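[1] Sequence and predicted structure, then a few things I'm wondering about:
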Amino acid sequence: MFLRPAYNLVLGGLAIFAVVYLVVQFVQTPATVPSRWSLPAAIAQVSRGGEGLRGAVEPLVGAMQPQTPAAPPAAERLAAFNAASALQESAGGGRVELYRRGMPGGGELVYAVARLDEAVQVAVINADGATPGSDATGDTIWTDGQQHLAPVAEMAAAPYAVREGMELLWAMAFGFHGAVRTSNEGSVVIDGVVYRVNAGRAALCIDPSQRASIGLFSAEQLAGCQQAIGGGPVILWEGKVANPEVVAPSGEFIPFNPLGEDFVQLDWRIKVYSGGYPKTAVCVGELPDGRSFLVLANSSGVVGVAFAQALRDMGCHSALGGDDDTSTQAVWRGQPLWQRQQRPVPDALAVYLRR
């Protein structure tokens, strides 16, 4: 019995030592916060069937955030940008609008703003309703083995593009294709049916509630999309602009191809982005009532950084590039918006308004 006081004393001493040690470690050792830009590893996980990335990355809990002035709400930024552009037409009480804008550094921007709701819908179309898919090696094909390419003006006028009770206002080319890979190389979902999955290439997803997001999507995530179309690379991410001249996030810029998308011809994409080649992109922003808005844009004579900055200035938080150069084309009410030859392409993004 005479050993119990000594035993208790030893235990008490050990407890005090443990508390002091933990306090010292807490004070001297900062919390480890994973880099928000260590994305290539996440992309590798997606390729192996992981959960992947969807939409904008959430801020890290406990991470030090730069003390910068808060940007105006997206709706205010969009309204200000539109006020400095030339309105060509407004439809559906302002739900869908068409604008043209001369850019300060030269060139021109043509874009449609679509405020998504039950009356405004965006869908993937092609010339004749052909089915995109993949062969046994994963290569991109039309499932009947034939080519199904057409200019966007023909797609917009084709019977397949007709939707009962709705008018097709805007359509623009989007997906990539090649001489052999004749259907869209990215993911494709049409009217809730998943036709093709490419988890290593970013896509635009619109869910059944008409909410839009941009990111990398697994097969399971694509099953939740009503419409989805792949493109890439992402040129605007969390409000930061892709810039081939930077190698690490800095200020308003992030490196080109920030999500590490699996482009074989990435050098060509950088060349097109850096020059004044015609360009295509779609970007996503949020309205005060929680609805998404899309900006579907074409440019000519505009360098990529200026193009992405314009999309950011409209209030978008993320933007996805589409097929550029000679594939760039768009129509409004069936009429081409660029006076140049319209190249046959695999598919397009169309904006519909309920009559």
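    In hand now; what should we look at?
[2] What's the first helix or strand after the lowest-mean-pLDDT helix or strand in the chain?
    Ranking every helix and strand in the chain by mean pLDDT, DSSP states H and E puts helix 39-47 at the bottom, with a mean of 34. Later in the chain than helix 39-47, the nearest helix or strand by DSSP states H and E is helix 74-83.
[3] From the contact counts, what lies against that next one?
    Under the contact criterion of 3 or more Cβ pairs under 8 Å, 6 or more residues apart in numbering; DSSP states H and E, helix 74-83 touches strand 279-286, strand 292-300, helix 304-313. Yep, even glycine has a C-beta here, placed from its N, CA and C like the rest.
[4] And the helix or strand hosting residue 156, what's buried?
    Applying DSSP H and E as the criterion places residue 156 in helix 152-157. For helix 152-157, the neighbour count (16 or more other Cβ atoms under 10 Å) marks 152-157 as buried.
[5] And stretch 324-340, by the same measure?
    Using 16+ other Cβ under 10 Å as the test for burial, stretch 324-340 gives 324, 327-332, 336-337.
[6] ditto for stretch 204-212
    For stretch 204-212, the neighbour count (16+ other Cβ under 10 Å) marks 204-206, 210-212 as buried.
[7] swap in stretch 248-259?
    Going by neighbour count (16+ other Cβ under 10 Å), the buried part of stretch 248-259 is 249, 253-259.
[8] Check stretch 191-206 too.
    Applying a neighbour-count criterion of 16+ other Cβ under 10 Å, the buried positions in stretch 191-206 are 194-206.
[9] One more: stretch 134-153?
    With burial defined by 16+ other Cβ under 10 Å, the residues of stretch 134-153 counted as buried are 134, 140-142, 147-153.
[10] Pick the one among those residues closest to residue 75.
    Nearest to residue 75 among those: residue 152, at 29.1 Å, using Cβ to Cβ.
[11] mind checking how far that closest one is from residue 286?
    Residue 152 sits 28 Å away from residue 286, taking Cβ to Cβ, to the nearest Å as the criterion.
[12] Please apply the same query to residue 102.
    28 Å.
[13] Settle it for me: which of the two has more neighbours?
    residue 286 (18 against 12; other Cβ atoms under 10 Å).
[14] Just send the buried residues of helix 152-157 back as JSON lines, with pLDDT and distance to residue 342 too.
    Listed next are the buried residues of helix 152-157 as JSON lines, based on pLDDT from 0 to 100; distance: Cβ to Cβ, whole Å:
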{"residue": "152", "pLDDT": "96", "distance to residue 342": "7"}
{"residue": "153", "pLDDT": "96", "distance to residue 342": "6"}
{"residue": "154", "pLDDT": "95", "distance to residue 342": "8"}
{"residue": "155", "pLDDT": "95", "distance to residue 342": "10"}
{"residue": "156", "pLDDT": "96", "distance to residue 342": "11"}
{"residue": "157", "pLDDT": "95", "distance to residue 342": "12"}
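[15] Check those residues against residue 296 and report the nearest one.
    When the buried residues of helix 152-157 are ranked by distance to residue 296 (Cβ to Cβ), residue 152 comes first, at 11.7 Å.
[16] So the closest one sits against residue 348, correct?
    Yes. If you go by Cβ atoms under 8 Å, residue 152 and residue 348 touch, sitting 4.8 Å apart.
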